[in-house]
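Novice: Need coordinates for the below:
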Amino acid sequence: MEHPGTAVMLYTYFREGGVAMYPLLLASILSVAIAIERFVLLYRAGRADRALAPALEESLGRGEVQEAAARCAQGEGPLARVLRVGLAADGVDTGQRQKAVERALTRETENLERYLPVMATIGSVSPFVGLFGTVLGIMRAFRDIGLAGSAGGAVVSAGIAEALVATATGLIVAVVAVIAYNHLMAWAQTLLTNTQVNVEELLSKVDE
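Specialist: Have a look, this model is predicted:
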């Protein structure tokens, strides 16, 4: 007997889960898409900052503020964008420059953490969508019992399968979304902390 292909098995699994599988499928696709997009962005941001930091430290250590500003203008990471604001405010009141840097850090926070709340929402809501599918499956099982006039295994199997598949899928989508959210959020926070520390150290060289 020929074993069914993976696509056929997935389609069968999806069909058995009932109507709750449609929002769960959409949630899983959205979660994976956000995770990949954020991973690429955070990886590039971290790599750009690691490459730029030594050059900026060297330039500012020699007192070459204009050269450092030029490097920041060409940079693409959070460090370049925030330090660019700090260097542009060189010569003004220290408090005003600090506020400008803080605003730049806020913008970077929004940039690095963009879409992550959507993943958190998916992780929180998916189990309830799966539970909704469970309720629909149990209702289907009772309806089939009423139509058949008996409660045999063959009668309730479709409804029970729908309930179990929807529950399992909801939990899987939620677990994956929560794990990805926690990892990406921690990564973003680490980048922001490093950016803040590096900017403070580099600007202190300008004030010397």
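
Novice: who are the neighbours in contact with the closest residue to residue 162 other than its chain neighbours?
Specialist: Among residues not flanking residue 162 along the chain, residue 137 sits closest, at 3.4 Å (Cβ to Cβ, 6 or more residues apart in numbering). C-beta: built from backbone N, CA, C; applies to glycine. The contact partners of residue 137, taken as Cβ atoms under 8 Å, 6 or more residues apart in numbering, are 18, 159-166.

Novice: Show me which of those is closest to residue 78.
Specialist: Nearest to residue 78 among the contacts of residue 137: residue 166, at 41.2 Å, using Cβ to Cβ.

Novice: What helix or strand is the closest one located in?
Specialist: helix 153-207 (DSSP states H and E).

Novice: element containing the residue nearest to residue 162, please.
Specialist: Element membership for residue 137, per DSSP H and E: helix 116-148.

Novice: Pick out the residue nearest the middle of this structure.
Specialist: For the chain, residue 116 is the residue whose C-alpha lies nearest the centre (Cα atoms, centre = their mean; 3.9 Å).

Novice: Quick one: low-confidence residue ranges for this structure.
Specialist: Counting by pLDDT under 70, the chain shows low-confidence ranges at 1-5, 89-93, 148-156, 207-208.

Novice: Residue 122 versus residue 27, what's the distance?
Specialist: The gap separating residue 27 from residue 122 is 5 Å, by Cβ to Cβ, to the nearest Å.

Novice: so what's in contact with those two at the same time?
Specialist: With Cβ under 8 Å, 6+ apart as the test, residue 27 and residue 122 both reach 173, 177.

Novice: Neighbours of the residue nearest to residue 141 when sequence neighbours are not counted, how many?
Specialist: Nearest in space to residue 141, with sequence neighbours left out and distances taken as Cβ to Cβ, 6+ apart, is residue 159 at 2.8 Å. By other Cβ atoms under 10 Å, the residues close to residue 159 number 20.

Novice: give the contact list for residue 159.
Specialist: Residue 159 sits next to 137-144 when contact means Cβ under 8 Å, 6+ apart.

Novice: any idea whether residue 114 is helix, strand or coil?
Specialist: When classified by DSSP: H, G, I helix; E, B strand; the rest coil, residue 114 comes out as coil.

Novice: for the residue lying closest to residue 138 once chain neighbours are set aside, what are its contacts?
Specialist: Spatially, and ignoring its direct neighbours in sequence, residue 138 is nearest to residue 163 (5.4 Å; Cβ to Cβ, 6+ apart). Counting by Cβ under 8 Å, 6+ apart, residue 163 touches 133-138, 141.

Novice: Just the buried subset of these, please.
Specialist: Buried subset of the contacts of residue 163 (neighbour count, 16 or more other Cβ atoms under 10 Å): 133-134, 136-137, 141.
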